[in-house]
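Peer 1: any chance you can model this:
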Amino acid sequence: MFALIWGAVRARTAQVLTILVLTALAAAVAAAGPWYAYASINRAAASDVAAAPAEQRTVSVQQIADLDGDPRAAIAGLTSTVQGQLPLPQVDPVTGLALPMTVNAGGGVTVMSVAYRDEFCANVRLDGPCPASPGQTAISVAAAQQLGLGLGDKLTLRFSPNARPVDLTVVARYSYTDPGGPYWSNALFEAGRGLDPAFTPLDTFRLEPLWEPTVTFDLTVPERLLRGDGGFRLGRVLREADARIAASGLRLVNATGPLLAAIDRDREEIRLGVVIAMVQTLALTWFAIGLAGRYTGRDRRGDAALLKLRGSTRSAILRLVWGQHLLPLTAGALIGLPLGWLLARGLAGPVSSAVQQREALLLSLAAVGAVLLGGLVVLAAVEAVALRRPVADLLRQAGPGRGDWRAGLADLLLLTIAAAAVYQARSSAPDSGLALAAPGLVALAVALVLARLLGRVADRGGSAAMRSGRLRLGLTSVQVSRQPGSDRVFALIVVAVALFATTLGLALGDSRARVTRSAAELGADRVVPVQAPNRTALLNAVRRADPEGDEAMAVVVDRVSVPPVLAVDSSRLAAVARWQPGYGPAGLLAAATAESPGPPPTAAITGDRLTLRLRNEGRDPAAVGLSLQHEGTGAPVQVRFGTLRPGEQTLTAPVTGCARPPGCRLLRWQLSSPVEPNGNVPPALPGSAIIVRSLDQANPSAALLGRTELGDLARWRPGTAGAELDIAAVDGGLRIARDRNFAGNPDIGIQVYAVDSALPPPVLLTGTPPVDWRFGEPSLTSFGGQPLPVRVAGVTGVLPVLGRDGVLADLDTARRIAGDANAPGQFQVWLAPGAGAGVIDALRGAGLIVGEAETVARRSDRLAEQAPAAIARFGLIAGGVGLLLAAATIGVAGAVDRRSRLDQLRALRLQGLPLKAAVGTAYAGTWVLIVTGLLAGLLAAAVANPLARVAVRGFTDGWNVLPPPGALGWAALGLAGLIAVVVLGLVGWLSVLPLVRGLRGRVGAR
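Peer 2: Residues are numbered from 1 along each chain as shown. Okay, the predicted model is just below:
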């Protein structure tokens, strides 16, 4: 038996190689699937971890402790407790202490924490020595500017206004080296709406006013635990640890939930997507193998007939036929197994975990075994059907017709299944059951219908062409119509082309979706995080670095405010931002800001002394001050005129910090009670009132404010936090008074602001307005801590960075309204596509601390590691393999039919058929199937797209700010058609070439 099998294999090398190639292709995809899935899951998890905020990668155990003068014991006690109750690898934990305090800043009181943190000096840039002795401190550059402190100055903090002060000596100013890194992930060590913490050595906390801080133990979770390697379930472990830690009187701060959920979603989606692609490839493979078996079975029918005549049993004949198939199937599976491993490694990289390697190997073997077993079953079914036929039928050279009622019933069943899949895909469960295979089933339904239509058209057209003398067309039509199996080859081409076009469209759509999302999240092609003392310094530095205004733009992102605020230099927005149509007109904010510029600013203050003339109408002690801000550096300058006496008076006060161009601008007046010895500035007493007559400066001498400016109430406004000072224009002066009706309110404001910009400032709104806006006028706290009324100049569906919830505001207007104190936000510089490397150097030269730039391309590449892109890549590979399967089937059909077609055409040549017509008929028979199958496949893909609701996969984190791109556009259809023409056309040409050579060679011999 083995000798018979081996002889049959050697006699039919081309057919055997075809089965081998088909099996190898399918086995490669099947073997690649598990390896690709595990590697992609690991890469997606690594991408999720890298993209997640630092707080989602850390856990923190916190406790409000009573130090009793021993901070080291408190940290040691917390560390000991955590080590016993938190079952995580505790490599390089970071401990610390933080206590919120208050400090006088700019005539008011703001929050500033006193903090200690392990390895603080290694995680910042210092312009002085690292604080090492008790009582020494380092404060941020921004805090130093707001407080007006330099190296060696004293920083005085209090837990409450009347509490015992804590005096610290400033020995250094710091800036962050990696503000977004895990070290700074604990919110206790952030500024919030106050100032950055003052960091001090641990022994400073021996001071009694600092005995009740929050003690922290922060731990960065290893990436392998976040990924869940080895079945480790971090979420469950942390939930159990939370209960134990809470019972000990501690608090576990765990923000890993969203990250773990994203990793789990990536894992499940990749597994499902790879399985779907593998199943579709297996189905196409078995169909192609069945067709190849049917075609090659014509050569074996004679062998089976002779064996039947010699009395062989059906089982013996079936073993002989199976043996001929087993060899190429087994060889193809063995070849495909390492090819699949190489394919997966090339697409997704290695699988590092030993456990995953073992599981991937077992699953790959099982998948390849399914290919082998399924191929054997299909071929056995094909051969069993053939062996049931009588000997006379087996010896007949002409094949059977296109099919009987059984084929029609099968087609009807497949059409029913496709309709059910479409219904499910368009129902409420589009991601389950048949809906997952709906595109392929729709393509199959279109293929079956068009295959029958093609046969009917070939029947009718062939007869008509022959009667009219069109030999080439008639012979081609007859070949398509009468050739057994041509309708199934046509159906395979249609399904393969449709699936390839769909997977190509999904891959291209996913690429566009990633770029679109990256651009929407960043706002520009390149975004550089920067550090600056304040918004004024940021704005001026960027304008100096790019005076033309077409390469760089200053941006502040405030996610703390409700709603979030994106403040931009609106005059540069259209030139720099990567604007999308969904954002609305790019110039709308700049136009709205220019329409209402507000009153002109007061003259710049450049002198070293101010002279104030006013009338004090109150009887109680009162004091007047001015808050200035340097227009170049943004540094605050406080001017105090001292305690007032009753009646008309002229006061002078020195000014420091305004002589340097461009000088200072006036921010606000302050009317208060005299400053207390501890530095507190209490509100003015009820009935206090002054009338400001004029303000002049000396050295150089200039009049700053006179009757025109002071008497114009459009230039002044009170605070907006609640009960505030009253203002009025009286006799060409500005009257500032505290109403007696608020005598019982100790928290009344003390400030009157200068107005030199649009008020209320225009903003663009996206999303649902806050509840407060529905019952009152719109307002924001991002402009300086107090709620400030704003004017909604436009409404848009989406904004860059903020998405569907937030407002877009002008940065220059925002910083002019209330200065830079207590203004939260992340500082950025957006760069236009054409911005060169010199812009970064110019930003550094302008005084900014520049971080690592984030680009649209880099963020898109990071998103390419996540589940949607991984599934699209593997689906495209599977679609490409399906196209190769169709090409191989075309090749085997041409090889099997070559001898009979050559004899037929030679016979026709003897009867006078021209050589040109014969050669044209030889090519046309194959090319008709290829061209019609290709066009039908593209049509099937276009039909399946809306019917089955084929769409680009959404991102696993649920991001849906912008609508996804279409899954199948004209570009995808055109590219898929071009690739299919090349692949199928090349194979078709090669399969027909020997036939053409045979025709021409015979002519030459004659």
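
Peer 1: who does residue 220 form a beta bridge with?
Peer 2: Assessed by DSSP bridges, residue 220 has beta-bridge partners residue 58.

Peer 1: to clarify, my last question referred to residue 630.
Peer 2: The partner residues for residue 630, given DSSP bridges, come to residue 664.

Peer 1: number of residues surrounding the residue lying closest to residue 92 once chain neighbours are set aside?
Peer 2: Computed as Cβ to Cβ, 6 or more residues apart in numbering, the closest residue to residue 92 that is not its neighbour in sequence is residue 220, at 7.3 Å. For the C-beta atoms, the positions are set from N, CA and C on the backbone; glycine is no exception. By other Cβ atoms under 10 Å, 19 other residues sit near residue 220.

Peer 1: for residue 220, give its distance to residue 146.
Peer 2: 31 Å (Cβ to Cβ, to the nearest Å).

Peer 1: could you pull out the strands for the stretch 501-650 of the chain?
Peer 2: Under the criterion DSSP state E, counting those that start in this stretch, strands of the stretch 501-650 of the chain are mapped to 526-531, 552-558, 565-568, 609-616, 623-630, 636-643, 647-654.

Peer 1: all helices of the stretch 851-1000 of the chain, in order?
Peer 2: 856-863, 867-910, 915-947, 970-1005 (DSSP state H, counting those that start in this stretch).

Peer 1: so where's the stretch 1-150 of the chain shaky on pLDDT?
Peer 2: Residues of the stretch 1-150 of the chain meeting the criterion pLDDT under 70: 1-15, 90, 106-108.

Peer 1: how about the stretch 151-300 of the chain?
Peer 2: 193, 230-231, 294-300.

Peer 1: surely the residue nearest to residue 92 touches residue 55?
Peer 2: No: judged on Cβ atoms under 8 Å, residue 220 makes no contact with residue 55 at a distance of 10.8 Å.

Peer 1: for residue 766, find the nearest of the helices of the stretch 851-1000 of the chain.
Peer 2: Nearest of these to residue 766, taken as Cβ to Cβ: helix 856-863 at 20.8 Å.

Peer 1: pLDDT on that closest one, on average?
Peer 2: Summarised as a single mean, pLDDT over helix 856-863 is 91.

Peer 1: list the buried residues for it?
Peer 2: Within helix 856-863, the residues that count as buried by 16 or more other Cβ atoms under 10 Å are 856, 859-860, 862-863.

Peer 1: what does stretch 79-91 give?
Peer 2: 79, 81-82, 85-86, 88.

Peer 1: inside helices: which ones of the residues you listed?
Peer 2: Those of the buried residues of stretch 79-91 mapping onto helices are 79, 81-82, 85, per DSSP state H.

Peer 1: can I get the residues you listed in JSON lines with distance to residue 884?
Peer 2: Below are these laid out as JSON lines (distance: Cβ to Cβ, whole Å):
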{"residue": "79", "distance to residue 884": "61"}
{"residue": "81", "distance to residue 884": "62"}
{"residue": "82", "distance to residue 884": "57"}
{"residue": "85", "distance to residue 884": "58"}
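
Peer 1: tell me the one of the residues you listed nearest residue 202?
Peer 2: Proximity of these to residue 202 (Cβ to Cβ) peaks at residue 79, which lies at 13.3 Å.

Peer 1: residue contacts, the nearest residue to that closest one once chain neighbours are set aside?
Peer 2: Nearest non-adjacent residue to residue 79, counting by Cβ to Cβ, 6+ apart: residue 217, 6.0 Å away. By Cβ atoms under 8 Å, 6 or more residues apart in numbering, the residues touching residue 217 are 60-62, 78-79, 82, 93-95.

Peer 1: let's go with 6 Å and repeat that
Peer 2: Residue 217 makes contact with 61, 78, 82, 93, 95, according to Cβ atoms under 6 Å, 6 or more residues apart in numbering.

Peer 1: ok, and the most crowded of those residues?
Peer 2: Counting by other Cβ under 10 Å, top hit in the contacts of residue 217: residue 61 with 26 neighbours.

Peer 1: torsion angles phi and psi at that residue?
Peer 2: phi -110, psi 130 (degrees, to the nearest 10).

Peer 1: how close does it get to residue 375?
Peer 2: In terms of Cβ to Cβ, residue 61 sits 58 Å off from residue 375.

Peer 1: wait, doesn't residue 616 sit right on residue 691?
Peer 2: No: Residue 616 lies out of contact with residue 691 (Cβ atoms under 6 Å); the separation is 8.4 Å.

Peer 1: thinking again about what came up before, secondary structure element holding the residue nearest to residue 79?
Peer 2: Using DSSP states H and E, residue 217 falls within strand 214-220.

Peer 1: packing partners of the helix or strand hosting residue 365?
Peer 2: Using DSSP H and E, residue 365 sits within helix 354-387. Of the remaining helices and strands, those touching helix 354-387 by 3 or more Cβ pairs under 6 Å, 6 or more residues apart in numbering; DSSP states H and E are helix 13-51, helix 257-309, helix 314-348.
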